[in-house]
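[1] output the structure for:
(2 chains)
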Amino acid sequence: MTTPSGTVGADHSASTAGRSRTRETLVAWSFALPFLLLFGVFMAGPIAAALVTSFTDLRVTDIRNPLSVDFVGLANYLDVLGDARFQKAAANTTVFVLVGVPLTMALGLAAAVGVNQGVVRFRTIFRVGFYLPVVTSIVAIAVVWRLLLGSEAGLVNAILAGFGVDGPGWLSDERYALWSIIFMAAWRNLGFLMVIFLAGLQTIPGDLYEAAEVDGAGRWQRFQRITLPLMRPTLLFGAVITGIGYVQFFEEPFVMTEGGPLNSTLSLALYAYDQFSFGNYGYTASIAFILFIAIAMLTLIQFRLLRPAT
Amino acid sequence: MSTLAPTHGDAPTKNNARGDRGGWWIYILLVIGIILLVGPFIWMVLGSIKTTGELRQVPPTWLPENPTLNNYAELFDRLSFVRYFFNSAIVAIAVTAGNVIFCSMLGYALAKLTFPGKRILFAVVLGTLMVPAIVTFMPLFVLVANLNLVNTHAGLILPFLVGAFGVFLMRQFIGGIPDELLDAARVDGAGEHYIFWRIVMPLCGPAIATLTILTFLGSWNSFLWPLVVANTEDMYTLPVAIALFATGQQETNVALLMAGSVVVILPVLIIFIFLQRYFTQGIAMTGIK
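    Below is the predicted model:
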């Protein structure tokens, strides 16, 4: 709504523009108001409350008058950082992110390239099939996977037994539990990345490949020299989204192992939730904020990587 | 708005036709992949018509020896699965409606109106996408407890009525609607609210469809919040019921859990198969920009 500023009656049009700008501001805020009320009460307010709580000794017993608690400074943060369970959870989360993100990315990219290049018919079936785990409730997935990975009557070990291999307790042995959870997360999320990558692949012009083929580039070379560089922004977007999700990994261990055996699948988010259920709210908040800082840093690093490409 | 076009339809494009030759091994790898991804679901469906005894057999059976629908009958007769289904649906519908309406309104203001504080507002809303859910979890619980909303539908719905993702999606889409269209209506004397409801919203079909599906799905599958807020059986949602049965008195009744899982997945699966275009479109809309 820019008013053309003519020479005739410039004063008049300026004051009209001023009035209409105030009006537009009021109208705009009337559109924003319902969202902002709910957002303030149920998102921004709780974030601020969590930050304040992380410096207090709030417990579940104070729930009816949360304002009467004492400030303890950085005590929660110092306690958390010195806690052996926290350190274990941080180590597990790091492994989960460092192994899980590249694994999921690689599988998602392989599936996307495969569907894009090899599949002409039944494309929908592949897309629905690969995406099915993404849209399924983790609770239902846990029911099935606990059975699949069971050490006695589990299907995976039954198949392994067919090859003469004696499979371990995938979820009950501390040496395998975290790897089983990582594999499960990759299984569950690769379809999401596949869809993102498929959309990215479609933006690469086919003539590029044809030209490369004429020049004698093989399939692998074409992938390395054309697909990967041109997919860079898409790949990094996928890495950011998957990274933010995986740093907070919670659901898989919560429903499958409850963090065990011997804390081998305990994640930071699960550790924070544990403290919540014990009623240590101040402690919970400080863990949650450490997690937030980790996510912010990871995102910042990834955006730095993203920038030069765009 | 070029990204909004269904970029990956089923029609073979030039790109695909080229890759087709000599690609039989790709097919084989993909088929192995899809078996690994879909196999557990098929096993779940087969398991839901087995008896628990058969499911505990070593070695496990593939096809049910004595197929039975008893598990499903038990879900609906003895356990109140109708009630859980109803709770899940109420919560998901309310949360979805809230997100579609309120996020679209803010999205319109951010995309098409000028006002002081606009950039900061958008940055703050978007910034909350980075905040892990566990940060707000505890304060939300304290808040809902003090509002006496524990174990109510309102307690399950209110905290999720709006979200940053919806604002981002709707702002992106509405930004692509030509200004001339809105200006023409303004010249005719239409107010901004009229323009929003009568012109902008009807043009937002694809974006609304995407937001509806993703929000509904997120709400339908969410279980941690309802697990904490729903204390009595009449307030359970489907995932809560299954999560509690899986660790509670029904723990050993694996066949029943399988049937329950099928009931959780089925509506989602139906929605997904019919509207899958919007899932992929939505991801392309937000991701490829």
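[2] tell me where the stretch 1-150 of chain A has strands.
    Using DSSP state E, counting those that start in this stretch, the stretch 1-150 of chain A contains no strands.
[3] which helix in chain B has the most residues?
    Taking DSSP state H as the criterion, chain B has its longest helix at helix B:254-287.
[4] of all residues in the chain, which one is nearest the centre?
    No chain specified, so I'll use chain A. For chain A, the residue nearest the mean C-alpha position is A:Gly245 (1.4 Å; CA atoms, centre = their mean).
[5] not quite, I wanted chain B
    B:Leu217 (1.5 Å).
[6] give me the element it is part of.
    B:Leu217 belongs to helix B:205-221 when elements are defined using DSSP states H and E.
[7] so where do the helices sit in the stretch 51-200 of chain B?
    B:52-55, B:70-77, B:81-112, B:118-127, B:133-146, B:153-157, B:164-175, B:179-187, B:192-195 (DSSP state H, counting those that start in this stretch).
[8] circling back to that earlier point, packing partners of the helix holding B:Leu217?
    For helix B:205-221, the packing partners by 3 or more CB pairs under 8 Å, 6 or more residues apart in numbering or on different chains; DSSP states H and E come out as helix B:81-112, helix B:164-175, helix B:254-287. C-beta coordinates here come from the backbone N, C-alpha and C atoms, glycine included.
[9] hmm, back to that, the longest helix of chain B versus helix B:205-221: what angle between them?
    150 degrees (axes from the mean of the first three to the mean of the last three CA atoms, to 10 degrees).
[10] tell me the angle of helix B:254-287 relative to helix B:164-175?
    40 degrees.
[11] B:Pro178: neighbour count?
    As a burial measure, B:Pro178 scores 10 neighbours (other CB atoms under 10 Å in any protein chain shown).
[12] pLDDT weak spots in the chain?
    Let's take chain A. Scanning chain A with the threshold set as pLDDT under 70 gives A:1-17, A:119-120, A:153, A:306-310.
[13] hmm, I had chain B in mind actually
    B:1-23, B:249-251, B:280-289.
[14] quick one: buried residues of the helix holding B:Leu217?
    Judged by neighbour count using 16 or more other CB atoms under 10 Å in any protein chain shown, the buried positions of helix B:205-221 are B:206-221.
[15] residues making contact with it?
    A:135-138, B:4, B:88, B:91-93, B:95-96, B:99-100, B:103-104, B:160, B:163, B:165-166, B:169-170, B:172-174, B:201, B:238-239, B:267-268, B:271-272, B:275, B:278-279, B:281-282, B:285 (CB atoms under 8 Å, 6 or more residues apart in numbering or on different chains).
[16] buried ones among those residues?
    Buried among the contacts of helix B:205-221 (16+ other CB under 10 Å): A:135-138, B:4, B:88, B:91-92, B:95-96, B:99-100, B:103-104, B:160, B:163, B:165-166, B:169-170, B:172-174, B:201, B:238-239, B:267-268, B:271-272, B:278-279, B:281-282, B:285.
[17] how much space separates the residue nearest to the centre of chain B from A:Phe96?
    Taking CB to CB, to the nearest Å as the measure, B:Leu217 falls 24 Å from A:Phe96.
[18] same question, A:Ala211
    Taken as CB to CB, the span from A:Ala211 to A:Phe96 is 41 Å.
[19] the two - which one has more neighbours?
    Using other CB under 10 Å as the criterion, A:Ala211 and A:Phe96 rank with A:Phe96 on top: 23 against 13.
[20] what's near enough to touch the closest residue in space to the more buried one that isn't next to it in sequence?
    Spatially, and ignoring its direct neighbours in sequence, A:Phe96 is nearest to A:Phe249 (5.4 Å; CB to CB, 6 or more residues apart in numbering or on different chains). Going by CB under 8 Å, 6+ apart, A:Phe249 touches A:Thr93, A:Phe96, A:Val97, A:Gly100, A:Ile181, A:Ala185, A:Ser267, A:Ala269.
[21] out of those residues, name the two that are farthest from one another.
    Across these, the longest distance by CB to CB is 13.9 Å; it joins A:Gly100 and A:Ala269.
[22] what about residue 233, neighbour count?
    The chain I'm using is chain A. Neighbour number of A:Pro233 under other CB under 10 Å is 16.
[23] that was the other one, I meant chain B.
    With other CB under 10 Å as criterion, B:Glu233 counts 13.
[24] quick one: what helix or strand has the residue nearest to the centre of chain A in it?
    Per DSSP H and E: helix A:232-247 holds A:Gly245.
[25] roughly how far is that helix from the heart of the chain?
    Remark: helix A:232-247 is offset 8 Å from the chain centroid, using CA atoms, centre = their mean, to the nearest Å.
[26] try stretch A:92-108
    So, by CA atoms, centre = their mean, the centroid of stretch A:92-108 is 11 Å from its chain's centroid.
[27] how about that stretch: buried residues?
    A:Asn92, A:Thr93, A:Phe96, A:Val97, A:Val99, A:Gly100, A:Val101, A:Leu103, A:Thr104, A:Met105, A:Leu107, A:Gly108.
[28] please apply the same query to stretch B:224-237.
    Across stretch B:224-237, burial judged by 16+ other CB under 10 Å covers B:Leu224, B:Trp225, B:Pro226, B:Leu227, B:Val228, B:Val229, B:Ala230, B:Met235, B:Tyr236, B:Thr237.
[29] and the fourth one, which of the three is it?
    Meaning B:Leu227. helix (DSSP: H, G, I helix; E, B strand; the rest coil).
[30] distance check, it against chain A.
    10 Å (CB to the nearest CB, to the nearest Å).
[31] can I get the helix holding B:Leu217 in CSV? Just the C-alpha atoms.
    In CSV, the C-alpha atoms belonging to helix B:205-221 read as follows (Å, rounded to 0.1, in the frame of the first residue of the first chain):
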residue,chain,number,x,y,z
GLY,B,205,-5.6,-24.8,0.0
PRO,B,206,-2.3,-26.7,-0.5
ALA,B,207,-0.6,-25.0,2.5
ILE,B,208,-3.6,-25.5,4.7
ALA,B,209,-3.7,-29.2,3.7
THR,B,210,-0.1,-29.6,4.5
LEU,B,211,-0.4,-27.9,7.9
THR,B,212,-3.5,-29.9,8.7
ILE,B,213,-2.0,-33.2,8.0
LEU,B,214,1.3,-32.5,9.7
THR,B,215,-0.4,-31.0,12.8
PHE,B,216,-3.0,-33.7,13.0
LEU,B,217,-0.4,-36.4,12.7
GLY,B,218,1.9,-34.8,15.4
SER,B,219,-1.0,-34.5,17.8
TRP,B,220,-2.3,-38.0,17.1
ASN,B,221,1.1,-39.6,17.7
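[32] brilliant, that's me finished.
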